[in-house]
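Student: Got a predicted model here, sequence first, then my questions.
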Amino acid sequence: MKFFQDSGGTFKVDVHDILANDTHGVALITASASSGDKTMDSRGTHVVHITDGKLTESWIFAEDQHEVDEFWG
């Protein structure tokens, strides 16, 4: 998905906190964007798994997945 293009350059992610150890990282974020009469302001969590110093898995969870789907859909 082309987040910046699809949102007219308004897409942004504000990071509230990052927690990590040698094998996992968690970012607490708020993602926001607007396009025409649609807006999105969604809190979420991004969890990553790290193996041998490289990101090997990534999971993104939105507090309100319906809001995110409606905006980007």
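Tutor: Great, that's in hand. Numbering: from 1, shown residues only.

Student: can you give me the helices for the chain?
Tutor: Assigned helices in the chain, in chain order: 3-6, 65-72 (criterion: DSSP state H).

Student: Which residues in the longest one does the neighbour count mark as buried?
Tutor: When burial is assessed from 16 or more other C-beta atoms under 10 Å, helix 65-72 yields the following buried residues: 68, 71. Bear in mind the C-beta positions are built from the backbone N, C-alpha and C, glycine included.

Student: weakest of the helices of the chain by average pLDDT?
Tutor: Sorting those by mean pLDDT places helix 3-6 lowest, at a mean of 85.

Student: follow-up on the earlier one: as a markdown table, the helices of the chain with distance to Ile29 would be great.
Tutor: Output for those, formatted as a markdown table (distance: least, C-beta to C-beta, whole Å):
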| stretch | distance to Ile29 |
| --- | --- |
| helix 3-6 | 13 |
| helix 65-72 | 12 |
